[in-house]
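S.K.: The sequence and its predicted three-dimensional model are supplied below.
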Amino acid sequence: MSFITDPLVYYPISGILWFWHKIFAFLGGFLPWVESPDSNGAIWALSVIFLVVTLRILLFWPAAKQIRFSRKMQEMQPRMKELQKRYKNDREKLATETRKLQKSEGFNPVLGCLPMFIQIPVFLGLFHVLRSFNRMGNNFGALGMSAEETRNTGNYVFNADEVQSFLDARLFGAPLSSFISQPIEQFQAFVDPGAALDFERWNIIIVAIPLMIVSAVTTHLNARISLSRQSPEAAANPQAKIMNQLMLWAFPIGILVTGAFWPMAILVYMVTNNLWTLGQQYYLFEKMAKEDDVAALKRREEQKSLAPRVGVKPVNPKRGRGAPTGTAVASQETVAGVTSDDDDDPDAAPAVAPAPSPGAAPRPGQRPQQPGGQRTRPAQKSGGGSGKGKKKKRKR
């Protein structure tokens, strides 16, 4: 896999670190209190910090997509559970309905998981590059080299002289490539061959333990902030509860336990990365909260615009069914207009409301008419009695 990871991961990461080291070493040359800028521990620590910052800036968009992906999953969780209950005995139908739901919501699980897959190789590559400055021993990233071989072997973009500069760097008296549990024979890589050691293990402990504690605390805080945005339904899931406890307590404790095996530069990376994550989560969550507020305000404005105005009687379209368009509304407006005029003039004669058209809705208090118009009583034939009398007289 080296033919893939070397050009795509290790060389770019080491190139970014090399760039920042050259920048800070050049600037450090103008400061009279900075001795040997190329091998100064603070210069190298700043280079590691800005390497992390550069990578996190490049990965900001994937990280934002990952957070939005998690939020979308939480929003869809109740509807997913409904589908699972409804089609629990029909897997094919469940898969079809799930795809329909994801399409309607604009949710793509492949694109949602992609940011996470991008970040993993980057951080593993960063760990590998920092660890590869000292390749003594047989642990991860080491090649079992001797102290002399380590000091004369390049590290991707860095040549042998630059590797020696990194090995000679001290951060508060501790080498950046050293770690608490490192065997003492490997300390020879941090000095010139045959030279006496200029540090002891307690120098490493004094610097490493505070970095481990800060890294563990910030890991816990990041997990707490992330879980505070979790929906109650998702938090009630038994599997989610186990994962939440791991994130809150197991991972921070794991840093305290395994931190004794991590080089100092890795601990600097961990602290920087966690602090960046804290700030990034705060920024993204606040931004998304504002977006939610704007969306909620927009929905309220739309509902308000559809609501009837004060003093205007809403028209029920079902009541005017069967009437010509605008007939019922026009008759109501005519009556309202006449009534308002009459109220202004007390001497005016009461207006007679026009007869409603056939099929129109009756006015309040009016007796509904049957279709076909008004029915009139049949006219009585005048002189009906006299006609009968005439017939009787003829019989006589």
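M.R.: It's in.

S.K.: Grab the longest helix from the protein for me.
M.R.: Ranked by residue count under DSSP state H, the longest helix found in the chain is helix 264-306.

S.K.: any idea of the mean pLDDT in that helix?
M.R.: Averaged over helix 264-306, pLDDT sits at 89.

S.K.: and that helix, what other elements does it pack with?
M.R.: With contacts taken as 3 or more C-beta pairs under 8 Å, 6 or more residues apart in numbering; DSSP states H and E, helix 264-306 sits against helix 41-58, helix 60-86, helix 109-131, helix 201-228. Any C-beta I mention is one placed from the backbone N, CA and C, and that applies to glycine too.

S.K.: change it to 6 Å
M.R.: Helix 264-306 sits against helix 41-58, helix 201-228, with contacts defined as 3 or more C-beta pairs under 6 Å, 6 or more residues apart in numbering; DSSP states H and E.

S.K.: Export these as JSON lines, with columns for distance to F26.
M.R.: Formatted as JSON lines, the helices and strands packed on helix 264-306 follow (distance: least, C-beta to C-beta, whole Å):
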{"stretch": "helix 41-58", "distance to F26": "10"}
{"stretch": "helix 201-228", "distance to F26": "26"}
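
S.K.: With adjacent residues omitted, what lies nearest to the residue sitting nearest the centre point of the chain?
M.R.: Nearest to the geometric centre of the chain sits R68, at 2.4 Å (C-alpha atoms, centre = their mean). Using C-beta to C-beta, 6 or more residues apart in numbering and skipping residues adjacent in sequence, the residue nearest R68 is M288, 7.4 Å away.

S.K.: Check the gap between the one you found and K72 for me.
M.R.: Applying C-beta to C-beta, to the nearest Å, the value for M288 to K72 is 11 Å.

S.K.: next one: R201
M.R.: R201 is 49 Å from K72, by C-beta to C-beta.

S.K.: ok, now S177?
M.R.: For S177, the distance to K72 - C-beta to C-beta - is 42 Å.

S.K.: cool, D292 as well?
M.R.: 13 Å.

S.K.: and what of R170?
M.R.: Noted for R170: a distance of 48 Å to K72, by C-beta to C-beta.

S.K.: Then I120?
M.R.: Taking C-beta to C-beta, one finds I120 at 21 Å from K72.

S.K.: These two: which is more packed in?
M.R.: Neighbours were counted for I120 and for K72 using other C-beta atoms under 10 Å; K72 has more, 17 against 10.

S.K.: Surely the more buried one and F107 touch.
M.R.: Yes - at 5.4 Å, K72 and F107 qualify as touching, with contact defined as C-beta atoms under 6 Å.

S.K.: and S181, what does it touch?
M.R.: Applying C-beta atoms under 6 Å, 6 or more residues apart in numbering to S181 gives the contacts 260-261.

S.K.: Pop out the phi and psi values for it.
M.R.: phi -90, psi 10 (degrees, to the nearest 10).

S.K.: quick one: pLDDT of it?
M.R.: If you check S181, the pLDDT there is 93.

S.K.: Could you do F140 as well?
M.R.: Reading off the confidence values, F140 has pLDDT 65.

S.K.: Any stretches of the chain with poor pLDDT?
M.R.: The chain contains residues with pLDDT under 70 at 1, 110-112, 115, 140-141, 234, 310, 312-396.

S.K.: please redo it, this time with the cut-off set to 80
M.R.: The model of the chain has pLDDT under 80 over residues 1-3, 70-75, 77, 105-119, 138-143, 230-237, 240, 292, 307-396.

S.K.: ok so, going back, neighbours around the residue nearest to R68, how many?
M.R.: 15.

S.K.: what's the spacing between it and P109?
M.R.: Separation of M288 from P109 (C-beta to C-beta): 20 Å.

S.K.: try M73
M.R.: For M73, the distance to P109 (C-beta to C-beta) stands at 9 Å.

S.K.: Repeat that for T54.
M.R.: From T54 to P109 the distance is 29 Å (C-beta to C-beta).

S.K.: And R229, by the same measure?
M.R.: Counting by C-beta to C-beta, the gap from R229 to P109 is 20 Å.

S.K.: So these two - more neighbours on which side?
M.R.: Each of R229 and P109 has its neighbours counted (other C-beta under 10 Å); R229 has more, 15 against 12.

S.K.: how many other residues sit next to the closest residue to that one other than its chain neighbours?
M.R.: Distance criterion C-beta to C-beta, 6+ apart; nearest residue to R229, sequence neighbours excluded, is F285 at 6.4 Å. F285: 16 surrounding residues under other C-beta under 10 Å.

S.K.: What is the burial count for A147?
M.R.: Neighbours of A147 under the rule other C-beta under 10 Å: 19.

S.K.: Could you list which residues are in contact with it?
M.R.: Counting by C-beta under 6 Å, 6+ apart, A147 makes contact with 188-189.
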